[in-house]
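*Asks:* have a look; sequence and predicted model below, questions after that.
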Amino acid sequence: MTSYFAGIDIGSTMTKVVILKDGILTFVIGPTGPEQRRLANKVMEEALKKAHLPFSEIQYIVSTGYGRINVPFSDRQMTEITCHAKGVSYLIPEARTIIDIGGQDSKGIKIDRTGKVLDFVMNDKCAAGSGRFIEVIADTLGISLKEVGELSLQSHHPAKISNICTIWAQQEVAASLAQGVPLPDLLAGVHSSLAERIGRMVSRLKIEKEIVVTGGGGKNRGLLQALSEVLGERLIVPEEPLITGALGAALIAREIVEGAKKNKIVLKTKERQLEEVEIL
Amino acid sequence: MKIDEVFSMIENQFNQYGSRARQLREEGRKVMGYVCSFVPLEMITASGAIPFRVRGNIQEPITLGDTLLETIVCPYYRSCFDLSIKGRYEFLSGMVIPHACDSMVRSYSVWTYSLPYSYFHFVNVPTVCEESSFEFFEEELKNFKRSLERFMGKSIEEEDLLKAIQLYNQNREKIRALYELRKSDPPLLSGTELMMTLTVGSGLPVDESNEWFDRVIKAVKGRSASPLSKGPRILIDGACIDHIELVKLVEELGGNVVADTICNGTRDSFPKTEESGDPIRALSRRYLDKLNCPKTYRANKAGTFEGDVANRFGDIGAYAKEFRVDGAILYVYKYCDPFGFEVPARKAYYQSIHVPMLHLEDTYSAGNLGQLRTRIQAFLEMIGGLEEKEV
Amino acid sequence: MSEQQKEAKPKKRMTATKAAASIGPLVKEFITETLKARAEGKQKLAYTFIVCHHEEILRAMDVIPIWTENFAGVCGAKRDAERFLQRAESLGLSRSLCTYALCGIGFDQWREELGEMPPDSPWGGMARPDFMISSGQILCDPRSKWYQASQQFMPDVPIYNIDLPYPLFQRDQDHREVWGYYHKYIVKQLRGLVAFVEEQTKKKMDYDRLRELVDLSDRTWNLIDETYRLRKAVPCPMGTGDAMNTMVPICFMMATQRAYDFFVELKKELEEKIARGEGEVENEKYRLMWGGGLPAWYALNDFNYFNSKGASFPVETTYRMVAPLHEMDIPETKDPIEHLAWRWLGYWTFWYDKARKRPDSEPDVERLINWIEEYKIDGIVMHEAFSCRTWHVGLIWQLHQLGKIYKPIPLLVAGKDGKKEVVMKELPSLILESDIIDITSYSEVDTRNKIDAFIETLESYRLNRAY
Amino acid sequence: MKEERGIFLGIDIGSYSSKGVCLNHHDSLASFDCLSRGDFKATAEKIKEELLLRSGRREREISWTVATGFGAQLVAYAKEIKTDIICLAKGVASIFPFVRTVVDIGDLYTKIVRIDGGGGIHNFLLSGKCAGGSGRILLVMAKVLQIQVEEIGELSLRSKKRVDFHTGCAVFSESEAISRIAEGEKKEDLLAGLHRALAAQIHSLMERVGIEKEIALVGGGARDVGLVQAFQEVSGYDVVVPPQPHMVAALGAALLARENDSRGQGSK
Ligand SMILES: Nc1ncnc2c1ncn2[C@@H]1O[C@H](COP(=O)(O)OP(=O)(O)O)[C@@H](O)[C@H]1O
Ligand SMILES: Nc1ncnc2c1ncn2[C@@H]1O[C@H](COP(=O)(O)OP(=O)(O)O)[C@@H](O)[C@H]1O
Ligand code: SF4
Ligand code: SF4
Ligand code: SF4
């Protein structure tokens, strides 16, 4: 009998599902909104459809991310830190440091060969240290997140963003734009400001190579370049940096099942049913 | 008493911290507030007053306190001041503050001029620990004694002091016995229960506190099973932790808190006072030398960094072994200078004894706890395996 | 939080006095001297802190002090502290701790890791010491923990920690009741320092020389006091901006002839300015007191901004680390060490008697009151540096207490029915918030905005003063 | 002396909204406000045009203009820039001469100003460094809850259940709100909780400069009746709110412009 495992990562901005067979069978990325429970159901449903699987085939499900407790069908909840470590190590075994830049926080994680977490730091008190910073600015400038990275790479004279607070920086950027500072320069400034902050945080870990960037920040080439400059190191980005958390969760699901099998333990699982939930 | 009864009474007293002290005040006793582990409680008890540890409240936002005290004071201490100035401890007759950290020293005037108590005293504890420091500290304790005598209107006799020393030594033995109950795996007494019990004790006259500890010990010994399931065994390293939220969070997430170095725990409760010889001298040794607090500078006698940290933090290693600790959480408040400066050295020490450590900087506010949650959970995942938890 | 990272070099600050202008090169010179001495290896170098009343001992033993607070301040003033602060943070030190210490520890770690000075170190960097003298004063925790933390990176460098307590002010107890045993302890601590330095330098203390040096710094001390009192003149010839320079000989050069000569010069210069009626600002409108807090070293230009609005600072409570010796009620003694210990106690308890006499006063508040009167002060400015509790806790309360006990200012204001009436108001005050050297905590726009509003406040007091 | 026909403009360019007031020697002729939308220069021009249009005056009749607020530097036609502190003091004193403490809940800052009836300042304090304690958080909330900022006040008054909302980061309050809604909390209860938390922060800021009665709440935040009520409950003080609380600084600026003229002082 083939076994299927799923990991679901409910982030503050994106919900991601990975279904695992021997390798990644399928993955789906959807937005997260106020209705986390419903979206969890929806994204899962989509993933199952894509994989042509009935829900009952999924042996074990691990949820992770900011909204991990809001997943009605998850059998076990794990933090993003453990999950990213597993996921990244699976894709890039030589990774020793992970920098995850998400919408709610950013993290630095040090791992060993097997993907075990050795140490970590995270920032989550203030939006100024997270991907949200970029989102807010992009929104102010009226450009989409997808364009942000490329645009900033065109800059020759990055602007200096003097405010840390996201809200004040937003104001500053808007004012500079009105004064005619070119958009790419502003974006480059914003990226280096965030990169500085992230660099400062991860420097608390003794950074070792290879360094892998995950989370939405990994999709932003402007930010990556700034970060690489700050750290003075080469950065690796997985093909799809958003899903390493969900992938790790699925891998952990598999490990749990295998471990249980070895120790002849019967695992409790939740009912495999997608519910309709309406909020707002 | 049944165990549930005991703990529900403890919880009650914990939630109404100070109610017994208020009652005693109404009965005409004098209740003396204090903070930190450096105030010799024996002296207060011997004077006839009842020492009462002033606590903060992590659930209550600091408001009134901020109007007089800068927010760069350690948040725990600000909370203590906030509650005091809001009148929560109006039953106190006085307040004794020691020289423990800049937050305490520099705000001493603010306390003494803003609170309506009729007695204030500052105990100047030396920063270094040498022969001349003991001499000085003895004089300082004698001055404290004279000051208390003046306030209480009666002299403190040597036998009063000796009796108080004995009572506190008993108290510390009982606390030791409570800690013994955490050695089994899973521990028979949860960290949350212990923290509550100790906190309740710090708001009672020492003889009453002794009775309570006896009750708890007896009840817990009669327990057939632990209130917790097996999980990583955690040591909490830090300063004044007078709330249960951190420990509760760890235990909620599947860790078991089995040991600590904190001021409200082993730092203050394990070292005992010599019962023979001159009592003041004995007290000066206990408080200055035996209390292992970063506040007291201890010269590097080893000449190497490794040797120095082994001397300074040896108790951590000993507890880690004794209580079979899997990991430690170093919990330090923002703006706490004595502990803050030791983080790198402590980190190195934990590495040297191969105990994984999580460093948390907290702002003593309930709003911040959510942020600790993910960190603690990840740390527990990091040190615990995946498999053994499932049934 | 505003961040002015890697700010371009700050504009050169204009000083009012020639003496203040000569300080920059002077500091550079003594930092360079430490580097030279390190290279030559003839004299011993010691890390140490200001306000310990131990300079005489070091100088008498020919030990060259490396003032670690000074170096951090230099990094701050050059707007080049950030990289050292970040190093310290990456070691696990919280930025809420004394940033001088963080800067110093970050620098030490870097220098020890490289085995040489970090690249482009400000003024050549801080030399590796032969030993460190920290100070477990009742005054400041970081000064007792800092070198211990630095020692992690240079375990071979020994520390001597001098404990220098003084009795805190208690309203109901005369400090003289207890200072006998304080004095005894401090003397032992200082003698312990002598023994330590003797051991480190393999030299014996020359007590005659020590006595001379103590005498020299006593004379300097009195001279500083006389010089600074000249600033009572209207218009004020020298402000706090300059005093943040002239603090250098007070804090880092005591017990040297040069410090004495410096103040001879400064005194002469001030006397001349007063004779010419020349003020720090051309048109003195407001006289302000810097009532508490170390300055933001990277933003000393703010003093010029104040000046540009007609505000002068004749007095500051910061770095005025002297009190007239003859007014201090301390026992005479021939033993220089005993004298140092008395001077220490006399200095810290200087305002105690006065404070005890005025109901609800307190030494720090008492000092404010005295100086408000002596220097004809119109308003108080304080700086709350987030990372140092020592000098920055209690400020809000001091202002509060001052408002409560000090005579208010009568102002004419429009009352409820529109008629003018006299109300009594406390002295205007302003608290600026940032840090000593962490520039990320500073916002020039905010600060200038606050200064503008404060000047408007002073102006409305000036215009509406009833009598 | 300027001719009697002269008019005086007070322009307050805020980060959220910009306001202008036009006075002549005796009366108020016109006022206008609009959202700032980043381009302060253009906004300032627009306000001038609207004010002239509404007062039926011409540009050359402007005797003096005082600009204030976040974007004051960008009002090209201003003769003078004043801090919003003194403008608030002037403005409030002209409406409520009996007020001694002004609380301005603006978009980026909360400001406390202690004043006398003549518009003199006695003390002041600004919130700083983090937008978590200012009016912006209301805007963020309105956006997540999908309501208009104008509706917040009324809605929150309908709250029946006490929900504690931990304000922290103005940006993250969004995600906190989201998860609280997901947990089943009602919008009105959340808003009431937010108001309480914000009110407590403002109260504590106020205590630091000392409170003297009467108290006026102004600025855009004072248009939020829920916040005003929460403030009265939390602080235990009654407050007065002028009819157009957000216009007060602009009014003060215009008054200063007129004063300047009557004192006959010139030049920038
Ligand atoms: N295509 C993209 N280009 C640039 N940035 C992106 C892109 N997609 C997402 N992001 C960034 O990623 C963040 C969300 O990342 P994610 O790791 O999914 O966070 P979370 O787990 O909190 O939802 C957003 O804040 C945004 O800044
Ligand atoms: N009608 C309204 N109801 C409730 N809140 C409002 C209203 N209008 C404005 N606000 C709030 O007041 C804040 C400040 O507005 P305003 O005083 O115009 O700001 P500024 O002058 O700083 O630009 C805004 O952030 C918004 O949250
Ligand atoms: S936690 Fe630290 S700063 Fe706070 S009171 Fe205790 S020793 Fe002082
Ligand atoms: S007094 Fe303040 S600035 Fe100086 S070392 Fe101590 S904490 Fe640092
Ligand atoms: S500074 Fe700004 S981004 Fe940071 S917590 Fe405050 S409001 Fe949020």
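*Replies:* Right, received. Where do you want to start? Ligands and ions are numbered 1, 2, ... in the order given.
*Asks:* state which one residue of chain C is found closest to chain B.
*Replies:* Going by C-beta to the nearest C-beta, chain B is nearest to residue C:136 of chain C, at 2.7 Å. (C-beta placed from N, C-alpha, C; glycine too.)
*Asks:* OK, contacts around that residue?
*Replies:* Listed by C-beta atoms under 8 Å, 6 or more residues apart in numbering or on different chains, the contact set of residue C:136 reads B:126, B:127, B:128, B:297, C:143, C:144, C:161, C:162, C:163, C:164.
*Asks:* give me the neighbour count for residue 158.
*Replies:* Using chain A. 19 (other C-beta atoms under 10 Å in any protein chain shown).
*Asks:* I was thinking of chain D, sorry if that wasn't clear
*Replies:* Look at residue D:158: counted by other C-beta under 10 Å, it has 13 neighbours.
*Asks:* now the residue of the stretch 151-268 of chain D found nearest ligand 2. Nearest residue, chain neighbours left out?
*Replies:* In the stretch 151-268 of chain D, the residue that lies nearest ligand 2 is residue D:220 (2.0 Å; C-beta to the nearest ligand atom). Closest residue in space to residue D:220, ignoring its immediate chain neighbours: residue D:246 at 4.5 Å, by C-beta to C-beta, 6 or more residues apart in numbering or on different chains.
*Asks:* ok, that neighbour - contacts?
*Replies:* Contacts for residue D:246 (C-beta under 8 Å, 6+ apart) come out as D:17, D:19, D:33, D:218, D:219, D:220, D:222, D:223.
*Asks:* could you redo the last one with a cut-off of 10 Å?
*Replies:* By C-beta atoms under 10 Å, 6 or more residues apart in numbering or on different chains, the contact list for residue D:246 reads D:12, D:14, D:16-17, D:19, D:33, D:104-107, D:135, D:218-223.
*Asks:* again with residue C:393
*Replies:* Residue C:393 makes contact with B:69-73, B:102-110, B:335, C:292, C:384, according to C-beta under 10 Å, 6+ apart.
*Asks:* coming back round to it: most widely separated two among the contacts of residue C:136?
*Replies:* In the contacts of residue C:136, two members sit farther apart than any others by C-beta to C-beta. They are B:126 and C:143, at 14.5 Å.
*Asks:* the two: which has the busier surroundings?
*Replies:* Set side by side, residue B:126 and residue C:143 show more neighbours around residue C:143, with 29 against 24, by other C-beta under 10 Å.
*Asks:* surely the more buried one touches residue C:52?
*Replies:* Yes: under the criterion of C-beta atoms under 10 Å, residue C:143 makes contact with residue C:52 at 8.6 Å.
*Asks:* how near is the one residue in the stretch 151-268 of chain D that gets nearest to ligand 1 to ligand 5?
*Replies:* Closest approach between the stretch 151-268 of chain D and ligand 1, counting by C-beta to the nearest ligand atom: residue D:175, at 8.8 Å. Distance of residue D:175 to ligand 5, computed by C-beta to the nearest ligand atom, to the nearest Å: 11 Å.
*Asks:* for the spatially closest residue to that residue that is not a sequence neighbour, grab phi and psi.
*Replies:* Spatially, and ignoring its direct neighbours in sequence, residue D:175 is nearest to residue A:12 (5.2 Å; C-beta to C-beta, 6+ apart). Dihedral angles phi and psi of residue A:12 (degrees, to the nearest 10) take the values phi -70, psi -30.
*Asks:* with residue B:91 instead?
*Replies:* phi -80, psi -10.
*Asks:* again, but for the one 3 residues further on
*Replies:* Recorded main-chain torsions at residue B:94 are phi -170, psi -180, according to degrees, to the nearest 10.
*Asks:* so it sits right up against residue B:150, yeah?
*Replies:* No: counting by C-beta under 10 Å, residue B:94 stays clear of residue B:150, with 11.5 Å between them.
*Asks:* before we move on, the earlier item: which residue is the nearest non-sequential neighbour of the residue of chain C closest to chain B?
*Replies:* Using C-beta to C-beta, 6+ apart and skipping residues adjacent in sequence, the residue nearest residue C:136 is residue B:127, 2.7 Å away.
*Asks:* for that neighbour, give me its contacts.
*Replies:* Each residue near residue B:127 by C-beta under 10 Å, 6+ apart is listed here: B:99, B:133, B:288, B:295-297, B:338, C:134-139, C:141, C:143-145, C:161-165.
*Asks:* which of these fall in helices?
*Replies:* Judged by DSSP state H, these include B:133, B:338, C:143, C:144, C:145 as members of helices.
*Asks:* so who does the first one touch?
*Replies:* By C-beta under 10 Å, 6+ apart, the contact set of residue B:133 is B:125-127, B:140, B:284, B:288-289, B:296-297, C:136, C:163, C:165, C:185, C:188-189.
*Asks:* ditto for the fourth one
*Replies:* Neighbouring residues of residue C:144 by C-beta under 10 Å, 6+ apart: B:127-128, B:294-297, B:337-338, B:341, C:49, C:134-137, C:159, C:161-163.
*Asks:* and residue D:123, what element?
*Replies:* Per DSSP states H and E, residue D:123 falls inside strand D:121-126.
*Asks:* for that strand, name the packing helices and strands.
*Replies:* strand C:409-414, strand C:420-425, strand C:429-434, helix C:444-464, helix D:84-95, strand D:101-105, strand D:110-115, helix D:187-209 (3 or more C-beta pairs under 10 Å, 6 or more residues apart in numbering or on different chains; DSSP states H and E).
*Asks:* how far is the next helix or strand after that strand from where the chain is centred?
*Replies:* Next in sequence after strand D:121-126, counting helices and strands by DSSP H and E, comes helix D:136-144. Chain-centre distance of helix D:136-144: 17 Å, with C-alpha atoms, centre = their mean, to the nearest Å.
*Asks:* now the residue of the stretch 151-268 of chain D closest to ligand 2: phi and psi?
*Replies:* Dihedral angles (degrees, to the nearest 10) for residue D:220: phi -60, psi -40.
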